[in-house]
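Peer 1: Here you go, sequence then predicted model.
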Amino acid sequence: MWNSLKSTFSRLRISIFRKYFLLRYKVKNFRKKYFLLIIILFLFLIVHIIPVSLRAIPFPYIFSNYSQMLTIIASSLSSILGILFAVLLVASELTKKRYPSSSFKSLFSDKDIMRLFQIFISTILISIYTLLALNPSTSSQVINDNLTHFSLILFMFCLLYIYPTLKKVIISTVSKTEIKTLANQINIQHVFQLDQNRARSEPTMFYSFAEDNPIIKLSEISMTSIKSGDIITPKIVIGEATNALISLLDRNNASYDTRNYISGFSAIFNVTVTHAIKSDQRGTLSNVINSYERIHKYCAENKFPHYELTELNEQLKAIISRIIKSNLDDVAHDCIWSIRNIFGYHLRHNIPEEKDITFFSKNYENPNRDLDSQWHAISTEYLRMIYYLTKECIALGKGDLTIKFINCLSSIPEMIERSSLGNQQIKSMYQSCYYYLYDLAVQSIKSGIINEFEKPSIFSMLHLTSLIKSEKDCVQVPFHYFGEYLFILTENRLLDQFLLNEFIATGRTCLSENSNSKLNLESILYIISILSRIKDKLEGMEDPFRSKLYVELYYQVGSLIKWQNTENFTNERVQNELSALTNSFNRIDEFKLNMNELSVEWPGI
């Protein structure tokens, strides 16, 4: 019962809110459109009332009577009005190149043109009225003087107003300043009109305002400019639209849902992306992605809740997916780095501290659900976005792009380490990040889109050694997935000596530290156990691939023993494990012989 009443009250409140904004919009719009006409009408009434004649104003009279003067005024303005119509029709044809569906209406709804027509038509009507109302009687002479002089003043004002108005109209057909003007006009009512999906706007309301909505106009400008091959205008549209959206968000003060603003502006971005893809305008697409990055940066710095960015993230993911499917690989590569940058903004500015998160603080009696939700969303949303977009690349067989995406994802752990996050937060993010890296690498191998010469670099020796030196136990996460990755590569005959050397170089660095710290020793022992697994796997393989790698592995293990002796590393368990591993290479002589049979020695003279 209570929920039903609450729902009814909510719907009633939304309905009142819409009607209020609609009425306010109509009143404000009427006042703006007919302001000059109202003033002229007011002055016309005043002229009838004031008892003082305007004949005292020193006008140069060249007419013998008022009738001749008023006739010239009315006929002149009528002729000029016809010429103006012709000029505006030509301007309308030029304007069609920008927004064809409403070029005529948009031109004649321009405030300066409306004012020009209002003053012209008012002056003609007042002149005709005065001409018909002239009365030779003495009592009406003051009114005759006033109306005639008022008509003459309006006539002079018309002549002065023609040039600046027509100049503006003609320039507006080619000028880019109109785009900025339209963007600055966007307000909450315009967004509200387009917000059909979440606010459930009535269709009649939407269609009655669509043509006058600056968001629709900007969408049309972007669309038509792309179709005509213009590469500058769409970028200006996107830039100004982004500025307008950020400005509205800055002034919002929680009075209107951020998600509605973002949904409203999506019309411009979606239209631009659709036609930029068709026309292969890669620069325009990059500009759209940069705008999403700008919006995210603003939202992160101002600590927007994650749920207010739901539409923004959905739109960004959908756009990048379309770019990938359209084979615009260079743009897609830039897109994935933009997601990484967006993740970085939120890491620096918009993520809760470790002590405030229930899962880490264990404060289950007084949980902060909002902060818990914010942490979960930021820590997973953007990593998962990169993961699913990379899976799309794998499904489409895009080997090069897959490797670039994975390399981008592999750079994120170092960014996480440089952040101000707590150790538990870092470890939690590492779990997600390295799981995605490992899973994507495995999927790439199984799909056959990578080979021995083109493999993603999903780990960094420098990063691993940095974590070990800093005594951060979160290093266990990348170590585990690194070892498993090497083993999968071995199974699929894709492991090479360079990647193997990078892994073992981490062990040499640990030995050079000459530290018996728990983490340092565990790292060395883990490396030895992974090398032992790889050795066992190679011994069970029957093809030329194993011989070269088996011998290389033997020499690499030997380098660990030499490094241990050189650095005077004296841990007994490490020494025993290394000795046991070296002695377990039972087939080393056989594989060396195979290598010698395949090699050609340099002839000595």
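Peer 2: Nice, I can see it.

Peer 1: Lowest-scoring secondary structure element of the protein by mean pLDDT?
Peer 2: Least confident helix or strand of the chain, by mean pLDDT, DSSP states H and E, is helix 196-199 with a mean of 45.

Peer 1: Where do the helices of the stretch 501-605 of the chain begin and end?
Peer 2: Using DSSP state H, counting those that start in this stretch, the helices of the stretch 501-605 of the chain run over 518-539, 544-566, 572-583, 588-598.

Peer 1: of all these, which lies closest to L45?
Peer 2: helix 518-539 (90.6 Å; CB to CB). (C-beta placed from N, C-alpha, C; glycine too.)

Peer 1: circling back: now the helices of the stretch 501-605 of the chain as JSON lines including mean pLDDT?
Peer 2: Shown next, in JSON lines, are these (pLDDT from 0 to 100):
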{"stretch": "helix 518-539", "mean pLDDT": "89"}
{"stretch": "helix 544-566", "mean pLDDT": "84"}
{"stretch": "helix 572-583", "mean pLDDT": "89"}
{"stretch": "helix 588-598", "mean pLDDT": "68"}
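
Peer 1: Show the subsequent helix or strand relative to the helix or strand where I339 lies.
Peer 2: Per DSSP states H and E, I339 falls inside helix 329-349. Where DSSP H and E defines the elements, the next helix or strand beyond helix 329-349 is helix 358-361.

Peer 1: who's in contact with that next one?
Peer 2: With CB atoms under 8 Å, 6 or more residues apart in numbering as the test, helix 358-361 has contacts from 354-355, 364, 367-368, 372, 422, 424-425.

Peer 1: ok, now stretch 112-128?
Peer 2: Counting by CB under 8 Å, 6+ apart, 33-34, 36-37, 40-41, 44, 70, 73-74, 77-78, 80-81, 84, 88, 107-108, 147, 150-151, 154-155, 157-158, 161-162, 164-165, 168-169 sit against stretch 112-128.

Peer 1: So what's the residue count around D212?
Peer 2: When neighbours are counted by other CB atoms under 10 Å, D212 registers 16.

Peer 1: Sorry, wrong one. I was asking about L396.
Peer 2: Applying other CB under 10 Å, we find 14 other residues in the vicinity of L396.

Peer 1: what's it in contact with, if anything?
Peer 2: Here L396 is in contact with 324-325 (CB under 8 Å, 6+ apart).

Peer 1: now G344
Peer 2: G344 touches M415, counting by CB under 8 Å, 6+ apart.

Peer 1: how far away is it from K33?
Peer 2: 47 Å (CB to CB, to the nearest Å).

Peer 1: just K167 next, same as before
Peer 2: From K167 to K33 the distance is 22 Å (CB to CB).

Peer 1: what about those two, which has more around it?
Peer 2: Set K167 next to K33 and count neighbours by other CB under 10 Å: K33 wins out with 15 against 10.

Peer 1: these two touch, right, the more buried one and K111?
Peer 2: Yes: if you go by CB atoms under 8 Å, K33 and K111 touch, sitting 7.5 Å apart.

Peer 1: Now K317: closest residue in space that isn't a chain neighbour?
Peer 2: M385 (5.4 Å; CB to CB, 6 or more residues apart in numbering).

Peer 1: Now do the contacts for that neighbour.
Peer 2: Taking CB under 8 Å, 6+ apart, we find M385 in contact with 313, 316-317, 339.

Peer 1: Let me know the helix or strand that it is in.
Peer 2: Counting by DSSP H and E, M385 is part of helix 369-395.

Peer 1: re earlier: quick one: which of the contacts of helix 358-361 is nearest to Q476?
Peer 2: Distances from Q476 to those, taken by CB to CB, are shortest for Q424, at 13.3 Å.

Peer 1: distance of that closest one from A86?
Peer 2: 75 Å.

Peer 1: These two: who's more crowded?
Peer 2: Taking neighbours as other CB under 10 Å, Q424 and A86 compare with Q424 leading, 14 against 9.

Peer 1: ok so the more buried one is a helix residue?
Peer 2: Yes: judged by DSSP: H, G, I helix; E, B strand; the rest coil, Q424 forms part of a helix.

Peer 1: Wait, it touches E354, no?
Peer 2: Yes: here Q424 reaches E354: they are 5.8 Å apart, a contact under CB under 8 Å.

Peer 1: how about L489, what does it touch?
Peer 2: 445, 455, 495, 499.

Peer 1: List only buried entries from these.
Peer 2: 445, 455, 495, 499 (16 or more other CB atoms under 10 Å).

Peer 1: Would you mind confirming that the second one makes contact with L494?
Peer 2: By that I understand K455. Yes: counting by CB under 8 Å, K455 does reach L494; the two are 6.4 Å apart.

Peer 1: In the stretch 101-250 of the chain, mark out all the strands, start to finish.
Peer 2: Taking DSSP state E, counting those that start in this stretch, the stretch 101-250 of the chain contains no strands at all.

Peer 1: so where do the helices sit in it?
Peer 2: Under DSSP H, counting those that start in this stretch, the stretch 101-250 of the chain gives helices at 103-108, 111-133, 141-172, 177-185, 188-194, 196-199, 203-209, 214-227, 233-251.

Peer 1: Would you tell me which of the ones you listed gets closest to G507?
Peer 2: helix 233-251 (49.4 Å).

Peer 1: mind listing what's buried in the closest one?
Peer 2: So for helix 233-251, counting by 16+ other CB under 10 Å, buried means 233-242, 244-246, 248-249.

Peer 1: With pLDDT and secondary structure as added columns, please give the contacts of M385 in JSON lines.
Peer 2: Listed next are the contacts of M385 as JSON lines, based on pLDDT from 0 to 100; DSSP: H, G, I helix; E, B strand; the rest coil:
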{"residue": "N313", "pLDDT": "94", "secondary structure": "helix"}
{"residue": "L316", "pLDDT": "94", "secondary structure": "helix"}
{"residue": "K317", "pLDDT": "95", "secondary structure": "helix"}
{"residue": "I339", "pLDDT": "95", "secondary structure": "helix"}
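
Peer 1: Now distance to L131 and mean neighbour count too, for the helices of the stretch 501-605 of the chain, in a markdown table please.
Peer 2: Listed next are those as a markdown table, based on distance: least, CB to CB, whole Å; neighbours: other CB atoms under 10 Å:
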| stretch | distance to L131 | mean neighbour count |
| --- | --- | --- |
| helix 518-539 | 101 | 18 |
| helix 544-566 | 105 | 18 |
| helix 572-583 | 112 | 14 |
| helix 588-598 | 112 | 13 |
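
Peer 1: Same list, these, but as a markdown table with distance to Y129 please.
Peer 2: As requested, these are exported to a markdown table (distance: least, CB to CB, whole Å):
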| stretch | distance to Y129 |
| --- | --- |
| helix 518-539 | 97 |
| helix 544-566 | 101 |
| helix 572-583 | 108 |
| helix 588-598 | 109 |
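
Peer 1: show me the contacts for V442.
Peer 2: 485, 488.

Peer 1: Much appreciated, bye for now.
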